[in-house]
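Trainee: Make a model of this:
(chains A and B)
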Amino acid sequence: MSGGGWGLVVAVLLGLVTAEFSELSPWLAQKLIRWAARVRYPTRVEELSALIADRPGKLFKLVTASGFVCAALAYRITHRKATPARSVTTRLGIGFLSALVSGALLASEMILAFAIDDFLTDYHTISFYVSWEMFVFYGTIAAFATAAEFFTSCRLPTGWATATAVIASAALALIYAGVSHSAERLDEDMIIGGGMAVTVGIGAACVIQLGNRSRFPFVAVLWTILGGGLLTFAGWASPSAVFVPSLGFALGFSAGVGVLLGQVLDGRRQSFGGRRPSSNRAGQISAEDG
Amino acid sequence: MRVTGPLLDVLEAFLDAFEQEQELHGWAIMKWTKRSGPTVYGVLERLEDRGWIVGRWEEQPADANTPRRRYYRLTPNGKAFAEQTIAQRRPQPYRRPRLQFDLARGLLRAVFVGGAR
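Mentor: Numbering: from 1, shown residues only, chains lettered A, B, ... in the order given. Presented below is the predicted three-dimensional model:
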């Protein structure tokens, strides 16, 4: 097809996409405004929905709804609810469950990798999974998940949060580096461990600070990216540390699962976004609605 | 209560509506004040919390799927507060300048008046 032909196709496609989007935008605006109203103005869901219906223009409806969404997000960040206290048993349970979930995923991934390796080299390494290292492995990710759940559910001053995160991460990383590898490679492992400690520490400190300000599930996602991604980077920095990338993702994912489980346990995702306590009109309006 | 520009705008809108014996819904207030939705609703919350405006739901529209508007009007206390505040802070009737109109006018002036020099 010539250049002019492609240009025509692109123009037609763009036109179609624009037309579809403008048809879609009132529906999307209604969805957005209802979400924003539930978060920021729980007694005004129908009212704001009517406002969007009154707003002329299809794309302008979306723009107006986006304004309310921004306000709702800002409100959500600045008015988070106090975290309910969790018992030690609950915290450990969260860590254990997270380790199970992420450990199962990690194991399946590694079993698949080793199975491929078996197929290619006829060398059996599945016995790794019934050795004592497995307990160190799963114990480490359980501890990390518990720590993540704990850090994101408590309010700590920035300095203490950072120090705690760095020390805890360093301890975890060095234990892993010292225990799970042979003595000949300890120096290299210590370097890897140091890299892990610093990266995870920085990541953890960032997440704690975010967690102090908001209760979004994205805290979990962020932790996964930071813990997993940065550890993976640290692992790849040393070619011999073949387990570190997988462990990095396992730690990150496990911690993410831990944080999410904690949030689900609190019912925070459902109860989030109540009207400010100082407002005493909400009840009256709700009564009128009923 | 902290008196802000948006608050004065909304109070003026309500006083205007009161004189015409009308009630205002959210979009009408936004249109009158030329303020964004969250700004207007922030003011409405403050006024409602203090009992200076009162709202009522629109009668069920013909189409049952259409969401109902909520109409607001000043209470007697709210009217007294609005009149007093506007008299103190904004003695002259005030309309927010139309940004696009002003920009266009400024551009034309720059092109023609500036070009003639």
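Trainee: Wait, B:G51 touches B:L74, no?
Mentor: No - using CB atoms under 8 Å, B:G51 is not in contact with B:L74, being 10.6 Å away. All C-beta spots, glycine's among them, are computed from the backbone N, C-alpha and C.
Trainee: B:Y71: which element?
Mentor: Under the criterion of DSSP states H and E, B:Y71 resides in strand B:70-74.
Trainee: Report the mean confidence score over that strand.
Mentor: Here strand B:70-74 scores 91 as its mean pLDDT.
Trainee: quick revisit: comparing B:G51 and B:L74, which shows the higher neighbour count?
Mentor: B:L74 (22 against 11; other CB atoms under 10 Å in any protein chain shown).
Trainee: Bridged to that one, which residues?
Mentor: B:I53 (DSSP bridges).
Trainee: what's near enough to touch it?
Mentor: Residues near B:L74 by CB atoms under 8 Å, 6 or more residues apart in numbering or on different chains: B:F14, B:L15, B:F18, B:W52, B:I53, B:A82.
Trainee: ok, A:L16 - how many residues close by?
Mentor: 10.
Trainee: cool, and B:I86?
Mentor: When neighbours are counted by other CB under 10 Å, B:I86 registers 18.
Trainee: Return the residues in contact with it.
Mentor: B:L8, B:L11, B:E12, B:L15.
Trainee: mind checking the SS state of it?
Mentor: Assigned state for B:I86: helix (three-state reduction, DSSP: H, G, I helix; E, B strand; the rest coil).
Trainee: Output the below-cut-off pLDDT ranges for chain B.
Mentor: Within chain B, the segments meeting pLDDT under 70 span B:61-62, B:92-117.
Trainee: If we use 80, what do you get?
Mentor: B:1, B:60-65, B:90-117 (pLDDT under 80).
Trainee: how about the helices of it, start to end?
Mentor: For chain B, applying DSSP state H gives helices covering B:5-19, B:26-33, B:37-49, B:76-89, B:99-108, B:114-116.
Trainee: Run through chain A and note the low-pLDDT ranges.
Mentor: Looking at chain A by pLDDT under 80, you get A:1-7, A:21-22, A:73-290.
Trainee: Please repeat the previous calculation with a cut-off of 50.
Mentor: Scanning chain A for pLDDT under 50 picks out the ranges A:126-130, A:182-183, A:186, A:212-217, A:239-242, A:268-290.
Trainee: quick one on the thing from earlier: please render the contacts of B:L74 as TSV that adds neighbour count to the earlier fields.
Mentor: Below are these laid out as TSV (neighbours: other CB atoms under 10 Å in any protein chain shown):
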residue	neighbour count
B:F14	26
B:L15	17
B:F18	17
B:W52	20
B:I53	24
B:A82	23
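Trainee: before we move on, back to that, who wins on neighbours among the contacts of B:I86?
Mentor: Of those, B:L11 is surrounded by the most neighbours, 27 neighbours in total, counting by other CB under 10 Å.
Trainee: Can you tell me the closest non-neighbouring residue to that residue?
Mentor: B:A82 (4.2 Å; CB to CB, 6 or more residues apart in numbering or on different chains).
Trainee: what about that neighbour, distance to chain A?
Mentor: 18 Å (CB to the nearest CB, to the nearest Å).
Trainee: how many neighbours does A:V12 have?
Mentor: A:V12, neighbours per other CB under 10 Å, totals 10.
Trainee: Am I right that it falls within a helix?
Mentor: Yes - under the criterion used here (three-state DSSP), A:V12 sits inside a helix.
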